[in-house]
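Undergrad: only the shape, not the letters, is given here:
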């Protein structure tokens, strides 16, 4: 479990891990980044109370660096990746181990079930759980078991991780997708089991959500630069939206200033159609059951969906054009220059 500034979530996340019932020994390795909110002291207290908890340091604060440090410090043959912002269902590990054995896969993952404590966080959770929000990946609500492109978190065979080389520490976001690409390229299977469930708590504020999605989109652009069409087509929808919106905005200015007029203006107005269709789609989702119960829920949903799509898409365009370089996700802190899981 990579950990950084998670004081509000860490204890519950750790408890759900330690309460897992499996046939055999278990250990929990926390990779501690340089937290500033008391998380490290809390982790030390938790470790002092349970000898199954091992602490390792992750001064770089990058997710793949922390994950690799935790994996190297572990001693058991199966790696269960967990997250400080997530809570495992009571039988998650037992079922995952059974699926791993039954399917002979190298990595097994389940469904990310986002949840929220505030109206805004619940709106983000609804967006996560909707096919419209994050593009319909299996672990965002799939119901059919089978081979998958990637896995949320993941229950992995240590021997396969050692063979393919652990996580790529040059990738700060999307490191799980890249690892699963190498696992599949090595001839192993990645498996999705909808019977596995993990609760995920998304970002709690609008600026943090936008910063998270911009960084994630930037790294997806970098992954497209590295791996091309091995990336799913669904990753290209948000940047297409950003480019369509930008083109429509330029056209609106040209029409308003009378630079484009007459038949040319009418013909060019077809460029508004993708944006109009997207607006209608989001409005329909927000107004329907997917938007929540009351009008406040629906307004929040109407605001959250475009924030996620446009921030991710803008980041993708930036990452594709110039690479991710030193882009980090700072959404768990107010300091803009601090890398965060």
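TA: Sure, I can see it. Just so we're clear, the structure is a prediction, and the values are computed from it rather than from any experiment. Residues are numbered from 1 along each chain as shown.
Undergrad: where along this structure do the strands fall?
TA: Under the criterion DSSP state E, the chain contains strands at 2-3, 28-32, 53-57, 78-80, 86-88, 107-114, 146-147, 155-157, 190-200.
Undergrad: quick check: which of these is buried the most?
TA: Using mean count of other CB atoms under 10 Å, the stretch among the strands of the chain with the largest mean neighbour count is strand 2-3, at a mean of 27. Every C-beta, even on glycine, is put in place using the N, C-alpha and C of the backbone.
Undergrad: elements contacting that strand?
TA: Secondary structure elements in contact with strand 2-3, counted by 3 or more CB pairs under 8 Å, 6 or more residues apart in numbering; DSSP states H and E, are strand 28-32, helix 63-73.
Undergrad: for those, give me CSV that also has distance to residue 261 and mean pLDDT.
TA: Converted to CSV, the helices and strands packed on strand 2-3 look like this (distance: least, CB to CB, whole Å; pLDDT from 0 to 100):
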stretch, distance to residue 261, mean pLDDT
strand 28-32, 61, 97
helix 63-73, 52, 96
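Undergrad: okay, these in TSV with distance to residue 208 next?
TA: Conversion of those to TSV gives the following (distance: least, CB to CB, whole Å):
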stretch	distance to residue 208
strand 28-32	21
helix 63-73	17
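Undergrad: with respect to residue 91, which of these lies nearest?
TA: Closest approach to residue 91 among the helices and strands packed on strand 2-3 (CB to CB): strand 28-32, 17.3 Å.
Undergrad: can you give me the helices in the stretch 101-250 of the chain?
TA: Here the stretch 101-250 of the chain has its helices, by DSSP state H, counting those that start in this stretch, at 119-129, 131-134, 158-164, 175-185, 206-227, 237-256.
Undergrad: dump those into JSON lines; add distance to residue 320, mean pLDDT and mean neighbour count as well.
TA: What follows is those, written out as JSON lines (distance: least, CB to CB, whole Å; pLDDT from 0 to 100; neighbours: other CB atoms under 10 Å):
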{"stretch": "helix 119-129", "distance to residue 320": "23", "mean pLDDT": "93", "mean neighbour count": "22"}
{"stretch": "helix 131-134", "distance to residue 320": "19", "mean pLDDT": "84", "mean neighbour count": "19"}
{"stretch": "helix 158-164", "distance to residue 320": "26", "mean pLDDT": "97", "mean neighbour count": "15"}
{"stretch": "helix 175-185", "distance to residue 320": "16", "mean pLDDT": "96", "mean neighbour count": "20"}
{"stretch": "helix 206-227", "distance to residue 320": "4", "mean pLDDT": "95", "mean neighbour count": "22"}
{"stretch": "helix 237-256", "distance to residue 320": "7", "mean pLDDT": "96", "mean neighbour count": "16"}
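Undergrad: point out where this protein drops to low pLDDT.
TA: 135-142, 332-341 (pLDDT under 70).
Undergrad: if you set the cut-off to 80 instead, what comes out?
TA: The model of the chain has pLDDT under 80 over residues 134-143, 331-341.
Undergrad: tell me what angle the lengthiest helix in it forms with helix 237-256.
TA: Looking only at the chain and at elements set by DSSP state H, the helix with the highest residue count is helix 295-322. Comparing the axes of helix 295-322 and helix 237-256 via axes from the mean of the first three to the mean of the last three CA atoms, to 10 degrees yields an angle of 90 degrees.
Undergrad: for helix 295-322, name the packing helices and strands.
TA: When contacts are defined as 3+ CB pairs under 8 Å, 6+ apart, helix 295-322 sits against helix 119-129, helix 131-134, helix 206-227, helix 237-256, helix 273-287.
Undergrad: and the spatially closest residue to residue 204 that is not a sequence neighbour, how far from residue 72?
TA: Among residues not flanking residue 204 along the chain, residue 121 sits closest, at 5.3 Å (CB to CB, 6 or more residues apart in numbering). Taken as CB to CB, to the nearest Å, the spacing of residue 121 relative to residue 72 amounts to 34 Å.
Undergrad: again, but for residue 326
TA: The spacing between residue 326 and residue 72, counted by CB to CB, is 25 Å.
Undergrad: likewise residue 104?
TA: Separation of residue 104 from residue 72 (CB to CB): 25 Å.
Undergrad: do residue 20 as well
TA: Separation of residue 20 from residue 72 (CB to CB) stands at 22 Å.
Undergrad: more crowded one of those two?
TA: residue 20 (19 against 11; other CB atoms under 10 Å).
Undergrad: spatially nearest residue to that one (excluding sequence neighbours)?
TA: In space, residue 20 comes closest to residue 93 once its chain neighbours are excluded; the distance is 4.1 Å by CB to CB, 6+ apart.
Undergrad: can you count the residues close to that neighbour?
TA: By other CB under 10 Å, 21 other residues sit near residue 93.
Undergrad: quick one, what contacts it?
TA: For residue 93, the residues meeting the contact criterion (CB atoms under 8 Å, 6 or more residues apart in numbering) are 20-22, 26, 80, 155.
Undergrad: check residue 1 too.
TA: Residue 1 sits in contact with 13-14, 17, 28-31, 70, 81-84, where contact means CB under 8 Å, 6+ apart.
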